[in-house]
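Asks: Here's a sequence, model it:
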Amino acid sequence: MDAKQFVIGQMQMVRNMLLEWVKDIPDQQITTRAVDDGVHLAWILSHLAWSEAGTVNKFIREAQNPLRHLGKSCGMHSTVVDEPSAYPSKAEALATLEEVRADSLKFLDSLSPADLDNPVKAGPPQFKTWGSIFALIPAHEAHHNGQVSVIWRKLGHEPRI
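Replies: As a prediction, the model looks like this:
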């Protein structure tokens, strides 16, 4: 398995985990927060789409985030609000996540394994190559999956193995 296939596998595995929890959270509970001052599912889903699109476009394609309009409500330093209408619906957010992921995977598939060694021209110092940017995507999503699992349990679901 090469690095590209490893990253693709991680992206798919982490996304499947997210979808497994999200399917059990009804629309009317998407603003349930994991903790009082934490984030909720509506923010997380939009944030993941905004972040993945922004990461790939900014640091690799050197282009604007096509979801930059979401940045105010779900960007890294946004203020989380409990009004569901401030965010896309669960179905809309999941569809956007799917579109962004399909675009990321299509672009990643077009690259050779050696392309993952291309340098990131203008990014955070810890992300030096395109491969490190792509590896960030499932790591970031896994972080938020932890929050979703807490919300899921808070809503009364039993742990799964």
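
Asks: Show me which residues of the helix or strand containing residue 104 are buried.
Replies: In the assignment (DSSP states H and E), residue 104 maps to helix 90-110. By neighbour count with 16 or more other C-beta atoms under 10 Å, helix 90-110 contains the buried residues 90, 93-94, 96-97, 100-101, 104, 108. For every residue, glycine as well, the C-beta is placed using N, CA and C.

Asks: Format the residues you listed as TSV; extra columns: distance to residue 123 and pLDDT.
Replies: Shown next, in TSV, are the buried residues of helix 90-110 (distance: C-beta to C-beta, whole Å; pLDDT from 0 to 100):
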residue	distance to residue 123	pLDDT
90	31	96
93	26	96
94	28	97
96	24	97
97	23	97
100	19	98
101	21	97
104	16	97
108	17	95
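
Asks: Using the three-state scheme, assign residue 146.
Replies: helix (DSSP: H, G, I helix; E, B strand; the rest coil).

Asks: The lowest-mean-pLDDT helix or strand in the chain - contacts with which helices or strands?
Replies: Lowest on mean pLDDT, DSSP states H and E among the helices and strands of the chain sits helix 71-74, with a mean of 92. Identification of packing neighbours for helix 71-74 by 3 or more C-beta pairs under 8 Å, 6 or more residues apart in numbering; DSSP states H and E yields helix 41-56.

Asks: Determine the angle, from 0 to 180 degrees, between the helix it packs on and helix 90-110.
Replies: 20 degrees (axes from the mean of the first three to the mean of the last three C-alpha atoms, to 10 degrees).
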